[in-house]
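Novice: Take a look and give me a structure for this.
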Amino acid sequence: MQGDVEVPGPDITHRVAALESILVEKGYVDPAALDVIIRTYESEVGPRNGAQVVAKSWVDPDYRAWLLTDATAAIASLGFTGRQGEHMVAVENTTATHNLVVCTLCSCYPWSVLGLPPVWYKSPAYRSRAVIDPRGVLADFGVTLDPSTRIRVWDSTAEIRYLVVPMRPAGTEDLSEAELAELVTRDSMIGAGLAGR
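Specialist: Okay, the predicted model is just below:
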């Protein structure tokens, strides 16, 4: 459990391993291919794509404006399209407003921009508490906001998926776009974290 956000215990891990073992044994799945797919979504296709989008928005005001008005096109212009990334909306964190994304019905999530969804994103505890007690959920993730900061919760659906544009960390004016992208985490693009942490 991460704070009050439920993560699967060893029981589910064993079941997944058993299922994978059976599929491999029967020749339905190549374990090397599974490793490539998981590695691709975890570190190549996934959050690094979204981090590039955010970093570009931090250094290019025209791109930022485009991202905030037509996220699908702006993201696609960087070559990031595909599964569950067709209808994107970007929302911007400011000192006045912090955005948090949840999918209350299931786990709608922009794979092409953020990679594989974290286990906690799909958990019933996160999906219900993010709406009822977003400040408490953020505290569970170690994010403490000024009490005056409004928290806006966005419900991702099959029709619309969200990308949070976190605030650029202070003191990063001398960093390149690539260096800035290294400060952007998957959690910060969901709103469950802050960039640079």
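Novice: Where is the longest helix in the protein?
Specialist: Criterion DSSP state H: the longest helix present in the chain is helix 10-25.
Novice: Distance from it to the middle of the chain?
Specialist: The chain centroid and the centroid of helix 10-25 are separated by 26 Å, computed with CA atoms, centre = their mean, to the nearest Å.
Novice: who does it touch, helix- and strand-wise?
Specialist: The helices and strands touching helix 10-25, judged by 3 or more CB pairs under 8 Å, 6 or more residues apart in numbering; DSSP states H and E, are helix 31-39. In short, each C-beta sits where N, CA and C put it, glycine included.
Novice: what packs against the helix it packs on?
Specialist: When contacts are defined as 3+ CB pairs under 8 Å, 6+ apart, helix 31-39 packs onto helix 10-25.
Novice: let's go with 6 Å and repeat that
Specialist: Counting contacts by 3 or more CB pairs under 6 Å, 6 or more residues apart in numbering; DSSP states H and E, helix 31-39 packs against no other helix or strand.
Novice: ok, how many other residues are close to the nearest residue to Met167 once chain neighbours are set aside?
Specialist: Spatial nearest neighbour of Met167, chain neighbours left out: Asn93 (5.0 Å); criterion: CB to CB, 6 or more residues apart in numbering. Each residue near Asn93 was counted by other CB atoms under 10 Å, and the total is 21.
Novice: switch to numbering from 28
Specialist: Sounds good: first residue 28 from here, last item Asn120.
Novice: Show the model's pLDDT score for the closest residue to Leu210 other than its chain neighbours.
Specialist: Distances taken as CB to CB, 6+ apart put Gly223 closest to Leu210, at 4.4 Å, once the chain neighbours are dropped. Gly223 is assigned a pLDDT of 91 by the prediction.
Novice: can you check Glu71 too?
Specialist: pLDDT recorded at Glu71 is 63.
Novice: ditto for Cys135
Specialist: Per-residue pLDDT puts Cys135 at 85.
Novice: Is it in contact with Trp181, as I believe?
Specialist: No. Assessed by CB atoms under 6 Å, Cys135 is found out of contact with Trp181, at 10.9 Å.
Novice: any low-confidence regions in this structure?
Specialist: With pLDDT under 70 as the threshold, the chain has low-confidence stretches at 28-39, 67-73, 109-112, 224.
Novice: hmm, who's touching stretch 186-200?
Specialist: Identification of contacts with stretch 186-200 by CB atoms under 6 Å, 6 or more residues apart in numbering yields 81, 84-85, 114-120, 126, 128, 135, 137, 140, 181, 183, 210, 215-216, 218, 222-223.
Novice: Give the buried residues for it.
Specialist: If you call a residue buried by 16 or more other CB atoms under 10 Å, then stretch 186-200 has these buried ones: Ile187, Arg188, Tyr189, Leu190, Val191, Val192, Pro193, Met194, Arg195, Pro196, Thr199.
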